[in-house]
Structure formats: C-alpha cells, structure tokens
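K.L.:
Got a sequence here, can you build the structure:
(4 chains)
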Protein chains: 2
Amino acid sequence: MKRGSFQAMKRLNKSLILNKILNDGPISRAEIAKDIKLTPPTVGTIVKELIEQQIVKESAQGESKGGRKPTLLVVDHEAFYVIGIDAGPRDVTIVLTNLQADMIDTAKTDVPVGISKEAYLQLLIEETDGLINRNASYMDQLIGIGVAMHGVVDAERGVGLYAPNLNLRDIPVKDVLTGHFDLVVQVENDARALALAETWFGEGKGINNLLAVNIGSGVGAGVVIDDELYRGKAHIAGEIGHMTIDLHGDVCTCGNRGCLQTIVSGEAIQKRAEQAIKAGADTLLTHQSPTAYDLYQAAEQGDAFSQHLLTETAEAIGVGLTNVIHTINPDRVLLNGGVMKASKYLLPEIQRTVASRALTAQAKDTPILVSKLGDNASALGAVALILVELFKRNGEIDV
Amino acid sequence: MKRGSFQAMKRLNKSLILNKILNDGPISRAEIAKDIKLTPPTVGTIVKELIEQQIVKESAQGESKGGRKPTLLVVDHEAFYVIGIDAGPRDVTIVLTNLQADMIDTAKTDVPVGISKEAYLQLLIEETDGLINRNASYMDQLIGIGVAMHGVVDAERGVGLYAPNLNLRDIPVKDVLTGHFDLVVQVENDARALALAETWFGEGKGINNLLAVNIGSGVGAGVVIDDELYRGKAHIAGEIGHMTIDLHGDVCTCGNRGCLQTIVSGEAIQKRAEQAIKAGADTLLTHQSPTAYDLYQAAEQGDAFSQHLLTETAEAIGVGLTNVIHTINPDRVLLNGGVMKASKYLLPEIQRTVASRALTAQAKDTPILVSKLGDNASALGAVALILVELFKRNGEIDV
DNA sequence: TAAAATAATTCACTATCTAAATTATCATTT
DNA sequence: AAATGATAATTTAGATAGTGAATTATTTTA
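P.N.:
You can find the predicted model right below:
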C-alpha cells in the first residue's frame, strides 16, 4: 500500500522521463515535457539529476524547427554493464553486455550429468568469474547479474524451487551469487526471462500484454500483463506445457494424460516420429529419431510424412494457444525455442488453427509471431532482469 | 502514462484513506495514519473532505486505550444508492441497494424469445423505470446503474458485442441507458461482474488474483489480477468454456471438439444423462433430462448412476481448472452457477482432481471454494461496477 | 538586420506533505 | 477531587516539488 508523497511523486516522474528517453531517445527536454505533460522546469531539473547519475547524457543537437536547436538526450548505454546467465540443465551461457544488450563477451560451458546443487552453483560462480577476469576494464561499471534459470523459480527470494532436468530442489542462487560477487542479483524462470527479453529487445517491445511461448525440450511460457512479468501466487503462471488438451492422450512425465508437451515438445516430436518410422512410415528421413529441424529439412524436400507430422504438431500448438488466448487474451503471442526452427512449416498452420478455433474475430486475429532473438535469448532475458531494476529504480542501483 | 502531480498524490492518498475506512472501518483517524503511514494532519484534512462529500461519517466513539477516545469513521452506506441489472438472455433481474449491497427493492421479468435489440433495451429501461418509480424517495441519492450482461462485452464503450443466447450483436447499452437516465452507467460481462461481486461481497474479499468461474448453461470466468478485473485486448479473457480439453471429444456449439462446456455445462450434463438413460442406464432418476440438481438429489438417495455422472463432471471441471491454474496461477478459485447446486458432490471431486493433476505442492493447494452469494450474485456484481467507480473516484461521482 | 519561433532556464507562487507543538479528552493514580 | 500520563485530533510552521509566466539563448525566416 504505497502512499502518495513528494518522494513518490518525484520518483514516478523521474521514471517516466528516464523511460521516455530510453524508448524514444534521442529526444529533447521540450518534447519530453510535451509528451508526459510535465512543465519544462520539472523536466529540466530531473534530467539534470539523471545526467549527474551518468545514466543519461546529452548527444548531438537536433534539427531546428524554426527556433533554437533542441539538445537531444539519450541513455548512455556504455555507462553500465550487465552480466546475464542462462542457467540451463545441459549448459550454461553467460553474456556481458552494455545497456542495450550489445554483446561484449560471452562464455558457454556444459553441465555434467547428475551434478549436485553445490557443484552447479560453483560452476556458475567460476564461469562468471572467468568472464569477469577476462573483462576487468568493465568491472567498475558492472551493476548486476541476472540469472535465467530452468525450472520453477521463486523470483522474489531468488531461489530455484525445482529444476526437473537437473533433479535439484531449493537452489539458493541469489544468496550464493550476491555473497560471492556483492552485486545486484536477480533470478527468474527461463521462460519468463525469455518473455522479458522479447519486451526489451525483441518483438514484444511496447506490447502491454504478451504471451511468449518457448517450445523446446519442454514447453513453457512467460506472461506479461500490464508491462510486467506475471508470476502467480505459486510462481507457476505460464506453465502451459502441462495443459491438458487431450483427456485420453499419451501419458506425460507429470503423470497426467494428453498434456500439450506430450505432442509438441522437442522430445515428443522425436518420439512420435520414431514410433511412426518403426511402424514403417513412408519417409525420406534417415534419422531414426528426427528433430523438428530434421523434419523441416525433409519437408522442404517434399517429404509428405514430415509435412504431416509438422502439421499435426502445429495444430496441437494452435489448440493450446487458443486455450490461452481464451483465458488471458494477450495482445500478441511470440514463439521461441528449438522446435520453432521448423517455423516455416509450423507458423502458418498454427495461425490457421487459432483463426479457425478462436471465438471472436478479434481473437482469431491475435498476432502470432516467431521470435527473432536467436540463441542467446534467455541470457538476454537475464540481462533484462537487471535492466528492469536499473530503470525502475531510476538509475539508482547500488554499484 | 499518468504523471506525478500534487493532484495525483492527493487523489491517491484520498483513495487509500477512503478504502481503508471502507474495508477496516469503523476506524479512527489515528489508526488510519498509522496504517497508511501518513501523518495525522494529512489524514485529518482528507477525512474532512470525505465527510463533506457525505461518503464518510463519524460514528460512535471507540474504546479508550488510556487516553482520549478515538472518533470512529465509517462509510455512510446509506448516503448513496445504486441500481444493478443482471441482463440475462432468459430473464432480467434488477436490484436497488445501498452501498453495502443491502437490498432495498428488486424486480425480475422474463425476456421474450427472439427479442430484438431495441425491444431488449426498451425492456431494460421500462423495468428500471418501474423500480425507480416504486422507490422515488431514494432517487436523489441514486448515483449509478451497473449492468451485468450476458455475452462478450466491451466494458470501455459499454457495448454488448455479442450475446449468443439472445442472438444479438452490438447492443449500445451504455449509450441508451445514460441517454434515458442521465446517470453513471457501467456495463460488463456477467462472468466478470460475478467475479467483482465476489471481491466486494463474497469469498473473494482481499484476494488479489482471483478466478471466479460460473458454470451454468455455459461456462465463463472472471479473472481478477492485482485487484482489478482483467479483460484482455479483445474482451474475451476468461472465456474458459471453450477451452479444449479433449481433442477428440464431442462437437461444441462453437464448432470445435472437446470444449470444457461440452462436458460440464448445465446443458451438457442434461444431454449426457439423457443419452445414458435412453441407452438404458440403471438409475433412480425419473426425469428424462435431469439437471445437476436432480442428479445431486438422486445421488443423495444413493443412485450410483448419478454419482458417477457427477464425478465425471467434476473431473472435467478439475482438468479445466488445473489448466487455468497452470496458466494464471490465481490465489483462489471460486465456483458459481446452477451446476454448483450439486456442489456437495462436485466440489470434493474437483479439489481431488486438481490436487492430483497440478504440478507443484502449492498449486495443488490452490483454494477452491463455492460461492455463497446466491441467486442475485450477477446483479450484485452490476452494483459493484458502480461501487468501483465511486470508490476509485474518491466519492466524486457525479450525482 | 529585425522579427518570429523554439529551447532551456530562472523566478515567484502554490499545493500538499511532514514535524512539532497545542488542544482535547480520557483512565488511572494519589 | 485533583494531578498525571496517555492517546486523539487539530493547529502552526516549514519543506518539497510541482506550475505558470517571464527571461535568456539560439536559430530560421522575412
């Protein structure tokens, strides 16, 4: 219950101005004032503070519109640096970026099978230390470490509650990392980090209510509502992989039947193809257990079996998305993950399925796009976790 | 993009104080100050304004805690009156209540089959006029009319976009009613109004993220996120009746197969029972087409057929709820509607199903309750639509 | 070169909060 | 019954941060 106070009022205005510069910069003080409906003096004094904090700087002069040239303001993207860690079950990717996610350096390492909780945390620390040592010159401007973590995560406490593919529980990521690095550390579930990456750097920019779905070895989604990640009481909002869409379908790892994952996850696709091939399906495929990408390639060669399997997959994805659209009705849906490497075949069928099944014209028209962020998307989401802190706290992050 | 200003700051504090009195009253100025962390003078001046606006009044003196007795403040529930309309496809219910939803008077009328848009609106006006004329003494304190409307509703414009069971589209409810009554009019979808009724008067009080499901002739839900109704871009958030849970199930009115509705709606239950009875099921039931309540009564007599049918229904509801819990992870789920008249048999099975299917311990524990609001719940939700306006606008509604 | 326009800053003013002091009222102790 | 110590509410003075109008700094255009 946040009361109104002078501090709060100023914080809000400062936040509005900073984010205006971030999103619409280069921009003049005068234009900021006009857009946010604050008076020029108010904008002036707040901008002065932001410049003192080094997060904003004056750039070139703008074009005159018949009077004095405006002094344009931009966020100084080189003022601070951020580390983002994609802490997956198979490998760990670490990136060092500036404030607009330009990659300075990156490191990637495999995770040994059956690793213990302590060893996993040690691995994160060592790899991060390595990256830090290689880039010592940036380190006094390093403001935080974001972690995108596989599994169910309590973002508030920074704890990995359950990481199924590592078979680990209650991993105190935040405590351990802050203890070692003495920096701001934010931890989040990888699907949600991905959604955040989209809103900061991808196709989710400016979308207030977003569903970002990751279809890989599992299926998960990040839900953005009113420009903020929505987590839910038990931190499981967006766990759509275990949505039941076929009451009498195959048994899932979770014990239920007909989860979305049992049809559309990377593993499910491989398994379904494998079974069909064993049963003697007529196909050009040479792999015994082809991935979605293999299917895509074969489909390109005209393989009807692969085309059919991808269509089937797309329809199931479409059914799942329609269910979510009817529940939270997002402004846009973004698709990501390894399976979407077959997006050329999947996307049109997904769109067609949603258009055919959704209830109203507007719902049928829900834009469904494939992410353009590429491989480091989760790590970039981890970076974005820190950017949220920085820009929400008006640049007043502890360095 | 709301900037910080003195006005906004004061509005916020006024809102906090008013809602504190509403929720925790009778309460003294001193305690308000302590709870909201505002200083006594600030609270004092704002309370003075609220008293001038008549929405708050001083009630009795409280108990002394060793000093001067506190003057307790309460919302004056008799200061204003509200009309709530439940505009359904079969009948229209209208209530007149004070600010705590105490019923002053009520009216109910049937809707002729195949009614036109104009006639339906005329019916709403005439019935409301009748209620108003019967209660003329309250009318100078009447502040608004809320409408809970069957179908897809654009709450912002106050238009019924599509009312399937009336087979009407684009019903300009708000414009027509404001034109005739010159009062604040708010229109909302009935399932969402129901959710709002729960947060104001029912089991949803104080629950930040709520799912209120109505299982009647159709299935719909109201989604509350961060204490506010969530509508979604196309106004269809919460349309969970057409969630696909059985890819190869029965065909729904929407054209898809295996919608939740095809198993659990009132009509679906009757249809399923009817078919089984025709096929010679062994049952005590005398009806050819029994309702959920008939099944409940028979089940109470030990009818195994009815018990089984209810269990089947409950499991499907549980599957649907689990899907929603995995998507938006609400703090609480409330169940309402005609089918829940069999809640004695349904609820335990629903809870068991969710507990068995949900992913994590916390999710399994999601509280699922049956509404206690009774028959006028939707009309009370309509009343709540106006209360939201009143209490969000700090009592500054135009009378 | 003067006039008009736009950008940024300065100055005076105002709304609203806070802190401290004051007044009002009550229970308890002497 | 009067004094004492609490608690509640109000009054007073002061601080914060916004607004409007005026001023200064540029720049384009007539």
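K.L.:
ok, A:Thr353 to DNA strand C distance?
P.N.:
49 Å (C-beta to the nearest atom of the strand, to the nearest Å). For the C-beta atoms, the positions are set from N, CA and C on the backbone; glycine is no exception.
K.L.:
That residue - that's part of a helix, no?
P.N.:
Yes: remark: A:Thr353 belongs to a helix, assigned using DSSP: H, G, I helix; E, B strand; the rest coil.
K.L.:
Tell me, how many residues neighbour the closest residue to it other than its chain neighbours?
P.N.:
Closest residue in space to A:Thr353, ignoring its immediate chain neighbours: A:Gly318 at 2.5 Å, by C-beta to C-beta, 6 or more residues apart in numbering or on different chains. If you count neighbours by other C-beta atoms under 10 Å in any protein chain shown, A:Gly318 ends up with 25.
K.L.:
so what's the spatially closest residue to A:Pro330 that is not a sequence neighbour bridging to?
P.N.:
Leaving out its chain neighbours, the residue that sits closest to A:Pro330 by C-beta to C-beta, 6+ apart is A:Leu211, at 4.2 Å. Taking DSSP bridges as the rule, A:Leu211 bridges to A:Val223, A:Val333.
K.L.:
hang on, A:Thr311 packs against A:Ile350?
P.N.:
No: between A:Thr311 and A:Ile350 there is no contact under C-beta atoms under 8 Å: 10.0 Å.
K.L.:
Whichever residue of the stretch 101-250 of chain A sits closest to DNA strand C: helix or strand, and which one exactly?
P.N.:
Using C-beta to the nearest atom of the strand, the closest approach of the stretch 101-250 of chain A to DNA strand C is made by A:Gly206 at 23.8 Å. Counting by DSSP states H and E, A:Gly206 is held by no secondary-structure element, helix or strand.
K.L.:
Could you report the separation of it from A:Val354?
P.N.:
22 Å (C-beta to C-beta, to the nearest Å).
K.L.:
the more surrounded of the two?
P.N.:
Just comparing A:Gly206 and A:Val354: by other C-beta under 10 Å the higher neighbour count belongs to A:Val354, 23 against 11.
K.L.:
ok, the more buried one - contacts?
P.N.:
A:318, A:321-322, A:325, A:364, A:366, A:368 (C-beta atoms under 8 Å, 6 or more residues apart in numbering or on different chains).
K.L.:
Near DNA strand D, which residues of chain A are found?
P.N.:
Taking C-beta under 7 Å from any atom of the strand as the criterion, chain A approaches DNA strand D at residues A:6-7, A:9-10, A:13, A:37-42, A:45-46, A:61, A:64, A:66-69.
K.L.:
Now list the buried members of the residues you listed.
P.N.:
A:9-10, A:13, A:38, A:42, A:46 (16 or more other C-beta atoms under 10 Å in any protein chain shown).
K.L.:
Nearest to B:Asp110 among these?
P.N.:
A:Met9 (53.7 Å; C-beta to C-beta).
K.L.:
B:Arg11 is in contact with that closest one, correct?
P.N.:
No: the pair A:Met9 and B:Arg11 fails to qualify as a contact (C-beta under 8 Å) at a distance of 11.3 Å.
K.L.:
So what pairs up with A:Asn189 in the strands?
P.N.:
Taking DSSP bridges as the rule, A:Asn189 bridges to A:Met149.
K.L.:
do you know how far it is from A:Ala195?
P.N.:
10 Å.
K.L.:
Who has more neighbours out of A:Thr311 and A:Ile350?
P.N.:
Shown here are A:Thr311 and A:Ile350; by other C-beta under 10 Å, A:Ile350 has more neighbours (27 against 17).
K.L.:
list the contacts for A:Phe201?
P.N.:
Here A:Phe201 is in contact with A:101, A:373, A:380, A:384 (criterion: C-beta under 8 Å, 6+ apart).
K.L.:
Max pairwise distance over those residues: which two?
P.N.:
By the measure C-beta to C-beta, A:Leu373 and A:Ala384 form the most distant pair in the contacts of A:Phe201, at 10.8 Å.
K.L.:
hey, what's in contact with both of those two?
P.N.:
A:197, A:201.
K.L.:
These two: which has the busier surroundings?
P.N.:
The neighbour comparison of A:Leu373 against A:Ala384 (other C-beta under 10 Å) goes to A:Ala384, with 30 against 22.
K.L.:
Now do the same for the residue of the stretch 1-150 of chain A found nearest DNA strand C: its pLDDT.
P.N.:
Closest residue of the stretch 1-150 of chain A to DNA strand C, C-beta to the nearest atom of the strand: A:Gly67 (2.1 Å). Note for A:Gly67: predicted pLDDT of 91.
K.L.:
One more: A:Leu284?
P.N.:
88.
K.L.:
which residues touch it?
P.N.:
Applying C-beta under 8 Å, 6+ apart, the residues contacting A:Leu284 are A:298, A:301-303, A:305-306.
K.L.:
Grab the nearest non-local neighbour of it.
P.N.:
Distance criterion C-beta to C-beta, 6+ apart; nearest residue to A:Leu284, sequence neighbours excluded, is A:Asp303 at 4.3 Å.
K.L.:
Hmm, A:Thr283 and the one you found touching each other?
P.N.:
Yes: in this structure, A:Asp303 is within contact of A:Thr283 by C-beta under 8 Å, at 5.6 Å.
K.L.:
Just list whatever residues bridge to A:Tyr230.
P.N.:
Listed beta-bridge partners, A:Tyr230: A:Val223 (assigned using DSSP bridges).
K.L.:
and the closest residue to A:Gly204 other than its chain neighbours, how many neighbours does it have?
P.N.:
Nearest residue to A:Gly204 in three dimensions, chain neighbours excluded: A:Glu198, at 3.4 Å (C-beta to C-beta, 6+ apart). When neighbours are defined as other C-beta under 10 Å, A:Glu198 has 29 of them.
K.L.:
Please report phi then psi for A:Glu198.
P.N.:
A:Glu198 adopts backbone torsions of phi -60, psi -40, taken as degrees, to the nearest 10.
K.L.:
quick one: it and B:Leu285, what's the gap?
P.N.:
54 Å.
K.L.:
Please apply the same query to A:Ala314.
P.N.:
Taking C-beta to C-beta, one finds A:Ala314 at 44 Å from B:Leu285.
K.L.:
Check A:Arg169 too.
P.N.:
49 Å.
K.L.:
Between these two, which has more neighbouring residues?
P.N.:
Regarding A:Arg169 and B:Leu285, a neighbour count based on other C-beta under 10 Å identifies B:Leu285 as having more, with 21 against 14.
K.L.:
and the more buried one, what element?
P.N.:
With DSSP H and E as criterion, B:Leu285 is part of no helix or strand.
K.L.:
max-length helix in chain A?
P.N.:
In chain A, assigned by DSSP state H, the helix with the most residues is helix A:304-328.
K.L.:
and the angle for it with helix B:304-328?
P.N.:
Following axes from the mean of the first three to the mean of the last three C-alpha atoms, to 10 degrees, one obtains 90 degrees for the angle between helix A:304-328 and helix B:304-328.
K.L.:
residues of helix A:304-328 that come out buried?
P.N.:
Counting neighbours by 16+ other C-beta under 10 Å, one finds that the buried residues in helix A:304-328 are A:305-307, A:309-311, A:313-328.
K.L.:
so is the one residue in the stretch 251-399 of chain A that gets nearest to DNA strand D in a helix, a strand, or just coil?
P.N.:
Shortest the stretch 251-399 of chain A-to-DNA strand D distance, computed as C-beta to the nearest atom of the strand: residue-wise this is A:Asn394, at 11.5 Å. Under three-state DSSP, the three-state class of A:Asn394 is coil.
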